[in-house]
Every structure is written in structure tokens, then in C-alpha cells.
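1. Coordinates for the following, if possible.
(one chain, ligands or ions: 2)
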Amino acid sequence: MWDSLCERILAVEAPGGPVERLTIVAPSVVRPGEALSVRLAGLDAKAYPSVECDGVARPVDGPARGLGEVAFETRRPAVASIESVTIVEEGWHRIGFELGGREFLSNPVHCSPDARRIFWGDPHVHTVLSRCNPTQCRSLDFCFVGARWMSGLDWVCAADHVSNTRSDKGKWEAQRRAVRVFDDPPHFATLPGYEASLQGGAGGDNNVYCRDDLEDFVDHYEEGNTRTLAEALPEDCIVVPHHTTRPGKHGELSDAIYPGPERMPVVEIHSKWGTGEFPGNPNALHKPHEGPSYAQDLLGQGYPLGFIAGTDTHATMPSSFGDDSEHIDRLPGLTAIRADRLSRAAVYDAMLDRDCWGTSLERIIMEEGMAGGRMGRVLAWDGEPRAFVAQVAAESNIVRVDIVRNGEDVHAVVGDGWRADVAWTDEDDLAQVAFPPRGWFERPFVYYYLRVTCASGAQAWSSPVWLTV
Ligand SMILES: [Zn+2]
Ligand SMILES: [Zn+2]
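-> Ligands and ions are numbered 1, 2, ... in the order given. Predicted coordinates:
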């Protein structure tokens, strides 16, 4: 679907200056010998695609076959897609290119006959339709074209504001139609959704995501909460809290307003506002609300929430940087979902199933076995020791991988360059460490998740696995 119109949308709406770096995006999981595409983007200091580049990107020796040189031209965005690339050798790879005397590497690629496929997206992008920082925001067209061709994402959601009379029937129809125009499975998926604000204490700021087209949005800003909102929406919609520690829009939950895991399967743990993992985390929001509304608070209250991450960009830069306002200044977030084939329903179903994780900055891969299952599952503890194994790969060097149990870091693995392997068994008597029955859990429960921290500052948070005791 790349054509001169896409090129013009990028060049008119975000004309970048001199190239600061070349991003190289390849699928995270590929089968040996299958044809794949590799996306290149020469980005300026703010990550806008350069229109001043006449350099040639040359592949460096590596595992991929079929990579050619790419000659960029001035006045055209330095964006390209190379098709029919193959990797034959099984294992973990990165693809390198040289541009302007500097070498750049792709995200990690796992070449495997049977690893589950991973699709990356930004579930939280604002456009001019939000009427929120409109001079920095860009069009709906840019959201979808930029997500696919500039950021190399597999899927995106334009989650524009509707509350406080910020949407109307005309805007909603424009949104619905753009979502249909740019949906192009299995190459690219657009997730229908929007941002539904609620008052602080009533659930705070939430996004609604839909499995398919939604005829009209539902807004409960004035007197609703997360539960009334979820109940007023059609069945195939979920409500997802974000920046839950933001002052004024704090997102603490209670049994009275928690709508259940079928309607609220995940929480956005990180965005460009900061990380809401636990109080005092190194990347917390500016002047955060005391809560208890951090992700670990909500898990401890017995709400089984998986993790996603996005940008909440108000510069319409999916999983990227750009001219956001100064309080939206942290690393961009991404969400990884696992599915056999990409479609908007697959993205939705993976979030519903908590078969997803959140990262900041990098496409960090995790292939894990956790406590006899995988991330997102709720399992019964059989009294035996629980084994944790994970293969982790990042774009930069991995500093550490932590296993978190009920809010405590219980085991750490030091990375070996951009790869890390986790193998650990929890021998503790879970009856001694479990939280008492509360929230959604009718039995004592323990949660575990993995946290990856990289030298670049990038992080990843697996969705938790839960054991009931
Ligand atoms: Zn806003
Ligand atoms: Zn937002």
C-alpha cells in the first residue's frame, strides 16, 4: 500500500531535517527461508523522516539474504521497504546497515520453525481529532501511514479523546472510515478505539478498544466509572486504564468499579508520561498520585491485569518521539501481541487473553515458560516448585532480567550482551507468601512477571502469570 500518496503524507506533515539515525525494523519472529520485509527509515533528531537525505544505506554482512542498497533522495522522505528478504539460519539475529559512515542494527529477529509470531503496535496515538495539543498533532492519515511506514509497526490505534465534548458524530464517522481504509491484514491492522476519560477515583483515564467497528462511542465522563462504561459498551469492547498514577486523573480501582477481566484484561504500564509499575520506580510520572493505583497496587488488590504500553503521543508519532509537550517526555512505548496471523481481531484477542507485553523504546522479545504456563495465565498451584525459563533478546545490551513475585524482585539474571536466558525455580512455600483472597480471586494468590532492563534505558514487562493456592 506504499505509494506516492503515503510519501506525500509523510513529507507534508512531518518533514524531517538531517538524518540522525537509521531505524531498521524486521519481524521479530521469522520461519527459516520465508520471505520477509525489512523497513528502513532515516530519521532526524526528533525522529521525523528526513527529506534532506541523499545517502545510500548499504547492508552489512549478516544472516539476511536479498538485502539491496537503498538510495534516498532529497525532498522525499527517507523511508523504504525491502521485500523478499530471507534468513535461513535458525537462531537470534540482527540485521545491519551502514549509512553515512555509521552502522545501525535492527531489532532482534528470532528465526525459528515454531516460535509464536509477534506483532508490534502502539495502542495509544492522538491525532488532531483529539482537540488536545492540536498544533502538535497530525492527521488521522498520518497516524496510520506513519505507524506502518515510518515506525515499522504492525498495528496501531488512533485513540482520540471523546470526553468533554471533544468528539461528535462527524469526527467519529471520520475515525471509523479511516480505520477501515488503512486496515490491510495480514500486513497491517488498525484497531478501533478511543480514549474515554473518567474522573480521578472513578477509574481515571481509560482507553476503549473494540474487536471490530463500533457504531458510536460511549462517554461516561460526567458521572460514570470503569464499570458503568464497560457495561454500556457492546460486548466486544474492553476498557484499559492508563497513566494510573497521574494526579487529577488517578486510576485506583475498587471492587465496586472493577469491571472484571473480560472487560478490563490489561493496564497500560508505560507511556511517554512515564512508568506506573510501582511507587518510586526510576521512570515514574512527574508528581505522581499516591494511589494505590500503580500496576503492582492493582495486582495486589486481586485484579488480574496483563500489561501493554504505548506512547499517548500528542504529536501523532506512533511508538516514537516527535514534538510532544514537555510532560510527555519519556521513552515511547510499544505493545507486543502474539498471534498466528495479524488482524485487528487477533490484536484484540491477544489483549483479552493477556498474551501480550509492554516495552519502552525497543522491540524486546520474550519467549517464556512461567510456573508451568505462560504469561497471562491463571493456574492452580499443585504444591510443587515452579520453574521459570525465558529467552530474552533486545536491541541494546540487556542489563538485567528480574522476576517479580507479589511486588518483590525475587530473582535477577544478568544479560549476556543483547541476549539473556532465564532459568530459575521458585522453591518457596507459596502458602506463606500468597496474598489473601480479594478482588477477583476467591483463593489466596501469587503473581509473577518478568521485567527486562536494557543499557539504553529500554524496559519490558511481561504480562503476569498467577497461581492460586
Ligand atoms: Zn490529550
Ligand atoms: Zn491519551
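2. hey, let's count contacts and neighbours off CA atoms from now on
-> Noted.
3. how far away is Ala115 from Ala423?
-> Here Ala115 is placed at a distance of 18 Å from Ala423 (CA to CA, to the nearest Å).
4. try Gly333
-> 27 Å.
5. Compare neighbour counts for those two and give me the winner.
-> Taking other CA atoms under 10 Å, Gly333 and Ala423 do not tie; Gly333 has more neighbours (36 against 13).
6. what's across from that one in the sheet?
-> Ser360 (DSSP bridges).
7. so where do the helices sit in the stretch 301-450 of the chain?
-> Secondary structure of the stretch 301-450 of the chain (DSSP state H, counting those that start in this stretch): helices located at 344-352, 430-433.
8. Any chance you could list what contacts the longest one?
-> It refers to helix 344-352. 155, 185, 189-191, 209-212, 238, 262, 264-266, 306, 337-339, 356 (CA atoms under 8 Å, 6 or more residues apart in numbering).
9. Mind checking which of those residues are buried?
-> 155, 189-191, 209-212, 238, 264-266, 306, 337-339, 356 (16 or more other CA atoms under 10 Å).
10. So which of those belong to strands?
-> 155, 189-190, 209-210, 238, 266, 306, 337-338, 356 (DSSP state E).
11. just the helices in the stretch 101-250 of the chain please.
-> 140-145, 169-182, 226-232.
12. now, of the ones you listed, which is deepest in the fold?
-> Each of the helices of the stretch 101-250 of the chain was scored by mean neighbour count; the highest is helix 140-145, a mean of 24, by mean count of other CA atoms under 10 Å.
13. Kindly provide the whole-number mean pLDDT of that helix.
-> For helix 140-145, the mean per-residue pLDDT is 98.
14. how near is the residue most central in space within the chain to Val208?
-> Nearest to the mean C-alpha position of the chain, counting by CA atoms, centre = their mean, stands Thr335 at 1.8 Å. Distance, Thr335 to Val208, using CA to CA: 16 Å.
15. So the nearest residue to Glu89 once chain neighbours are set aside, which state does it fall into?
-> With sequence-adjacent residues excluded and distances taken as CA to CA, 6 or more residues apart in numbering, Glu89 is closest to Pro32, at 6.4 Å. Here Pro32 is recorded as coil under DSSP: H, G, I helix; E, B strand; the rest coil.
16. tell me the pLDDT at Pro32?
-> As predicted, Pro32 sits at a pLDDT of 98.
17. phi, psi of it?
-> The phi/psi pair for Pro32 (degrees, to the nearest 10) reads phi -60, psi 120.
18. ok, now which ones touch it?
-> Residues in contact with Pro32 (CA under 8 Å, 6+ apart) are 86-90, 111-113.
19. Asp216 contacts Trp172, doesn't it?
-> Yes. Under the criterion of CA atoms under 8 Å, Asp216 makes contact with Trp172 at 7.2 Å.
20. how about the one helix or strand Leu10 maps to: buried residues?
-> In this assignment (DSSP states H and E), Leu10 forms part of helix 4-13. By neighbour count on 16+ other CA under 10 Å, the buried set for helix 4-13 is 6-11.
21. quick one: pLDDT of the residue nearest to the residue nearest to the centre of the chain when sequence neighbours are not counted?
-> Counting by CA to CA, 6+ apart, Thr335 lies nearest to Gly358, which is 4.6 Å off, once chain neighbours are set aside. Here the pLDDT value assigned to Gly358 is 99.
22. wouldn't Gly358 be in contact with Ser319 here?
-> No. With contacts counted by CA under 8 Å, Gly358 stays clear of Ser319, the gap being 11.5 Å.
23. who touches both of these two?
-> 310, 333-334.
24. any chance of those residues in CSV, with distance to Lys272 and pLDDT too?
-> Shown next, in CSV, are these (distance: CA to CA, whole Å; pLDDT from 0 to 100):
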residue, distance to Lys272, pLDDT
Gly310, 8, 98
Gly333, 7, 98
Leu334, 10, 98
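25. Could you dump those into a markdown table and include distance to Leu379?
-> Listed next are the shared contacts of Gly358 and Ser319 as a markdown table, based on distance: CA to CA, whole Å:
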| residue | distance to Leu379 |
| --- | --- |
| Gly310 | 28 |
| Gly333 | 29 |
| Leu334 | 27 |
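26. quick one: contacts for Lys287?
-> Counted by CA under 8 Å, 6+ apart, Lys287 has contacts 246-247.
27. Also the one 10 residues further on?
-> Asp297 makes contact with 278, 291 under the criterion CA under 8 Å, 6+ apart.
28. Am I right that it sits in a helix?
-> Yes. Assessed by three-state DSSP, Asp297 belongs to a helix.
29. thought Val239 was touching Gly260?
-> No. Using CA under 8 Å, Val239 makes no contact with Gly260, being 10.1 Å away.
30. Tell me which of those two has more neighbours.
-> Neighbours were counted for Val239 and for Gly260 using other CA under 10 Å; Val239 has more, 28 against 16.
31. Kindly state the beta-bridge partners for that one.
-> Taking DSSP bridges as the rule, Val239 bridges to Val208.
32. residues in contact with it?
-> By CA under 8 Å, 6+ apart, the contact set of Val239 is 206-209, 226, 229-230, 263-264.
33. Model confidence at it, what's the number?
-> pLDDT, Val239: 98.
34. Kindly report the same for Ala455.
-> Value for Ala455, per-residue pLDDT: 98.
35. and the nearest residue to Trp273 once chain neighbours are set aside, how many neighbours does it have?
-> Nearest residue to Trp273 in three dimensions, chain neighbours excluded: Ile328, at 4.7 Å (CA to CA, 6+ apart). Using other CA under 10 Å, Ile328 is surrounded by 21 other residues.
36. Please apply the same query to the one 3 residues further on.
-> Other residues within reach of Leu331, judged by other CA under 10 Å, total 25.
37. try His220
-> The number of residues packed near His220 is 18, by other CA under 10 Å.
38. Please apply the same query to Val469.
-> Counted with other CA under 10 Å, the neighbours of Val469 add up to 22.
39. Glu69 contacts Pro59, correct?
-> Yes. Using CA under 8 Å as the test, Glu69 is close enough to Pro59 to be in contact (6.5 Å).
40. Neighbour count for these two, which is higher?
-> Per other CA under 10 Å, whichever of Glu69 and Pro59 has more neighbours is Pro59, with 20 against 13.
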